[in-house]
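*Asks:* Structure, please.
(one chain, ligands or ions: 2)
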Amino acid sequence: MNKQLYSYANTTVKKPDFPLAVKVVMIDLDGTLLDTAEDLALAANLMLQDLGRPALSVATIKSYIGKGIERLIKRALTGDLDGEPESQLLEKALPIYKKHYAENVHVNTKPFPGVKEGVAQLLQAGFHLACITNKSESFTLPLLQATGFHDYFEIILSGDSLPRRKPDPLPLTHICKHFNVQPHEAILFGDSLNDATAARAAGCHVFCVPYGYNEGHDVHELDCDAIVPSLVEAAQLIVKAVPNK
Ligand SMILES: O=C(O)COP(=O)(O)O
Ligand SMILES: [Mg+2]
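*Replies:* Ligands and ions are numbered 1, 2, ... in the order given. All right, here's what the predicted structure looks like:
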């Protein structure tokens, strides 16, 4: 991976050709748009309590976020990122977790600093906005409604909207087809290896934020085009591509 770094608009970027000309901005939810870790941890610990198991710290649960609800629950039950609990335990735990998360999906969750301002700038600049998340739709839609972001997105893809989720490129290629744009005319703002991997596989640009949930790894290890302090700086690194003549 090209280790040479450049500076542009007070941000460290990995390519010299900024600002990037794009038409579509895809934004990841957990760890990028919204700080959901506390509510995900609350639901996990209520589930563990119902199962007679000890609670986990928010930091531990935060390192489990990224690959959807079921993987989060498996990690909470086994303590292993790739752990597989016994099937009957998982079958018992899943509905308990979903009940608790549905009841607590918007207790402590809030937008990260710069998100409201950055989204407003992106809309003002005329970009098409999309949301791509591995969170299940039954939680994604009410959460985006409750936080007031739902109507800003022309399309919202959740972890169960398509046959495959990030790090598979399918959600990104689906969005490029939806807007009839080339992959290089779209960019994903994300916080984890799932986002960087999906974007690279789709041929899309990708910026990463350093404040999210990357399964315990440093975001600077990721193959992305820039590490941006917030969506405000992200908006300054792109321009609306003009339609091809
Ligand atoms: O739900 C998850 O595990 C992570 O979801 P995200 O894709 O919005 O980061
Ligand atoms: Mg994320």
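
*Asks:* Is F18 located within a helix, as I assumed?
*Replies:* No - secondary structure of F18 (DSSP: H, G, I helix; E, B strand; the rest coil): coil, not part of a helix.

*Asks:* burial measure for it, as a count.
*Replies:* Look at F18: counted by other Cβ atoms under 10 Å, it has 19 neighbours. The way it works is simple: take the backbone N, C-alpha and C, and place the C-beta from them, glycine included.

*Asks:* Need phi/psi at H220.
*Replies:* Taking degrees, to the nearest 10, you get phi -70, psi -10 for the backbone angles of H220.

*Asks:* actually V13, not the one I wrote
*Replies:* phi -120, psi 160.

*Asks:* Give me the distance between it and ligand 2.
*Replies:* 21 Å (Cβ to the ion, to the nearest Å).

*Asks:* Same question for L90.
*Replies:* 23 Å.

*Asks:* Could you check the pLDDT of that residue?
*Replies:* pLDDT recorded at L90 is 98.

*Asks:* what does N244 give?
*Replies:* Here the pLDDT value assigned to N244 is 62.

*Asks:* buried set for the longest helix along the chain?
*Replies:* Longest among the helix segments of the chain by residue count, using DSSP state H, is helix 87-103. Within helix 87-103, the residues scored as buried using 16 or more other Cβ atoms under 10 Å are 93, 96-98, 100-101.

*Asks:* Show me the shaky parts of this structure.
*Replies:* For the chain, the stretches with pLDDT under 70 are 1-3, 16, 244-245.

*Asks:* What residues does it have near ligand 2?
*Replies:* 28, 30-31, 191-192 (Cβ under 5 Å from the ion).

*Asks:* Nearest to V24 among the buried residues of helix 87-103?
*Replies:* Closest approach to V24 among the buried residues of helix 87-103 (Cβ to Cβ): Y101, at 29.5 Å.

*Asks:* so which helix or strand takes in the closest residue to the closest one other than its chain neighbours?
*Replies:* Spatial nearest neighbour of Y101, excluding adjacent residues (Cβ to Cβ, 6 or more residues apart in numbering): A43 at 3.7 Å. According to DSSP states H and E, A43 maps onto helix 37-50.

*Asks:* hmm, back to that, what count of nearby residues applies to the residue nearest to Y101?
*Replies:* By other Cβ under 10 Å, 27 other residues sit near A43.

*Asks:* what's the burial count for the closest residue to I187 other than its chain neighbours?
*Replies:* The shortest distance from I187 to any non-neighbouring residue, by Cβ to Cβ, 6+ apart, is to H205 (3.9 Å). Neighbours of H205 under the rule other Cβ under 10 Å: 25.

*Asks:* you'd agree H205 is up against G190?
*Replies:* No - the criterion here is Cβ atoms under 8 Å, and H205 misses it with G190 at 11.0 Å.

*Asks:* Pull up the overlap in contacts between the two.
*Replies:* In terms of Cβ atoms under 8 Å, 6 or more residues apart in numbering, H205 and G190 are both contacted by the residues A199.
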